[in-house]
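1. quick check, what structure comes out for this input:
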Amino acid sequence: MASKSCSSCLRILQRQTTPKVQRLFPRPRTPRSFTTAARYHAESDYNVTNIHPSTSIPPVTPERAEGGSKPASTQTSSSALQGLRKRTTETYTAYGATEILYKECAHQADYSIPQARDKDAEMPKTADEEDLGVGVGWWHTEVGLQPTFSTWSQVTMLHMYLLSARFRCFPATSAQPWQQHLLDHFFYDAENKMMIEHNMHARGTRNKYLKDMYVQWRGLLAAYDEGLVRGDAALAAAVWRNVFKANPDVDIRNLAEITSCMRKDLSKLDGMPDEMLMRADWAFSSPKGENTLVESKSQMMDLPFEKASGRDLTGEKGE
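-> This next block holds a predicted model:
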């Protein structure tokens, strides 16, 4: 009887002490941002290198005693975690840098509508029934573009295109997140303007406009890419269709200045190291006074606009 009682007491003591031992070595919590593969490697690394009641201590081999190379599983997990840390760091870097670069794009033709803050005030309209605001800068004062949401979005996307063209030169693993973060900043800001400057509080209406803007962005990429390949006349025609809405009364000298400035900024970005671009400590060129077209401006002005652009003025607007 005494022997049986001692055995029961021993089992009770074991059940009481085992949880305490396990609590001394809690399993590490894996961050939610880890991928499945990274989580697997992290747990495998823990089981090999940490003391746990359910595992045995690996034997001390001569390589381990002399500080030799780590097991293959540990090397694999370490390289996977290092790659994960690098991608995570780069994502945060890209988000912060593209936010600064986007603000440089957005302020080029920025505007505001004071009447939007007053519920009783009547919203001014253009001839096309667009909300008309107040804006300053070369695009409004010199070019004569009206300070509207449409003008702001097209000028902003033009400068975003210059950055996106440069981001394509990044390594394949870096180019996509940089372009995506730049585009995200634009759509966040565009939706914010819809609510603040245009009192557009219906989410469904905002989503409709945002979808249309995304289609315009995709068409704009193709149009400006084509212009860069075909020459300045084709690039000026793309600017005319998107920024100026195919207005037949546009001053061709403004088109020449904008086209020249786009070429100049692309050349400057092409010669800029990736690190300098990522620091976002530079600015776009001012279009005013630009007259260094690859194709002679005087040659373009001597031709009717239909021939200089390669398209009919009655053609489709945009893109």
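
2. low-confidence ranges, the stretch 201-319 of the chain, go.
-> Judged by pLDDT under 70, the stretch 201-319 of the chain has its weakly predicted residues at 288-319.

3. all helices for it, in order.
-> Taking DSSP state H, counting those that start in this stretch, the helices of the stretch 201-319 of the chain run over residues 203-230, 232-242, 252-270, 274-279, 297-301, 305-309.

4. surely Trp240 meets Asp251?
-> No: with contact defined as CB atoms under 8 Å, Trp240 and Asp251 do not form a contacting pair (10.7 Å). (C-beta placed from N, C-alpha, C; glycine too.)

5. looking at those two, which one has more neighbours?
-> Neighbour totals were compared for Trp240 and Asp251, and Trp240 leads with 25 against 13 (other CB atoms under 10 Å).

6. what's near enough to touch that one?
-> Residues near Trp240 by CB atoms under 8 Å, 6 or more residues apart in numbering: Ala246, Asn247, Val250, Leu255, Ser309.

7. change it to 6 Å
-> When contacts are counted by CB atoms under 6 Å, 6 or more residues apart in numbering, Trp240 touches Leu255.

8. Tyr92: which element?
-> Assigned by DSSP states H and E, Tyr92 belongs to helix 72-106.

9. how would you label the residue nearest to Ala106 when sequence neighbours are not counted: helix, strand or coil?
-> Leaving aside its chain neighbours, Ala106 sits nearest to Thr156 (5.1 Å; criterion: CB to CB, 6 or more residues apart in numbering). What DSSP: H, G, I helix; E, B strand; the rest coil gives for Thr156 is helix.

10. can you give me the distance of Thr156 to Leu183?
-> As judged by CB to CB, to the nearest Å, Thr156 and Leu183 stand 11 Å apart.

11. tell me which of these two has more neighbours.
-> Shown here are Thr156 and Leu183; by other CB under 10 Å, Thr156 has more neighbours (21 against 17).

12. right, and the more buried one touches His107 too?
-> No: Thr156 is beyond contact range of His107, at 8.9 Å (criterion: CB atoms under 6 Å).

13. helices of the stretch 51-200 of the chain, start to end?
-> Using DSSP H, counting those that start in this stretch, the helices of the stretch 51-200 of the chain run over 62-65, 72-106, 138-141, 149-167, 172-196.

14. got any ranges where the stretch 51-200 of the chain has weak pLDDT?
-> Confidence mapping of the stretch 51-200 of the chain against pLDDT under 70 gives the ranges 51-89.

15. ignoring the adjacent residues along the chain, who's closest to Pro124?
-> Nearest non-adjacent residue to Pro124, counting by CB to CB, 6+ apart: Leu132, 4.3 Å away.

16. tell me, how many residues neighbour Ala175?
-> That count, for Ala175 with other CB under 10 Å as the rule, works out to 15.

17. and it, what does it touch?
-> By CB under 6 Å, 6+ apart, the contact set of Ala175 is Phe167, Arg168.

18. again with Pro147
-> Pro147 is in contact with Tyr111, Gly133, Val134, Gly135, His140, counting by CB under 6 Å, 6+ apart.

19. including distance to Ala165 and neighbour count, could those residues go into JSON lines?
-> Shown next, in JSON lines, are the contacts of Pro147 (distance: CB to CB, whole Å; neighbours: other CB atoms under 10 Å):
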{"residue": "Tyr111", "distance to Ala165": "26", "neighbour count": "22"}
{"residue": "Gly133", "distance to Ala165": "29", "neighbour count": "24"}
{"residue": "Val134", "distance to Ala165": "32", "neighbour count": "12"}
{"residue": "Gly135", "distance to Ala165": "26", "neighbour count": "19"}
{"residue": "His140", "distance to Ala165": "25", "neighbour count": "20"}
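
20. returning to what we had before: what's the most buried one of the helices of the stretch 51-200 of the chain?
-> Most buried of the helices of the stretch 51-200 of the chain, by mean neighbour count (mean count of other CB atoms under 10 Å): helix 149-167, with a mean of 21.

21. ok, and what's touching that helix?
-> With CB under 6 Å, 6+ apart, helix 149-167 has contacts from 101, 105-106, 108-109, 111, 139, 145, 175, 178-179, 217, 220, 224, 242-243, 265-266, 269.

22. and what of stretch 274-292?
-> Ala97, Ile100, Leu101, Trp138, Glu257, Ile258, Ser260, Cys261, Lys264, Asp265, Lys297.

23. let's have those residues in CSV, adding distance to Lys193.
-> Listed next are the contacts of stretch 274-292 as CSV, based on distance: CB to CB, whole Å:
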residue, distance to Lys193
Ala97, 22
Ile100, 19
Leu101, 18
Trp138, 20
Glu257, 27
Ile258, 23
Ser260, 29
Cys261, 25
Lys264, 29
Asp265, 24
Lys297, 34
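
24. Asp232 and Leu255, how far apart?
-> From Asp232 across to Leu255, the span is 9 Å (CB to CB).

25. which of these two has more residues huddled nearby?
-> Leu255 (26 against 23).

26. distance-wise, check the more buried one relative to Cys261.
-> According to CB to CB, Leu255 and Cys261 sit 11 Å apart.
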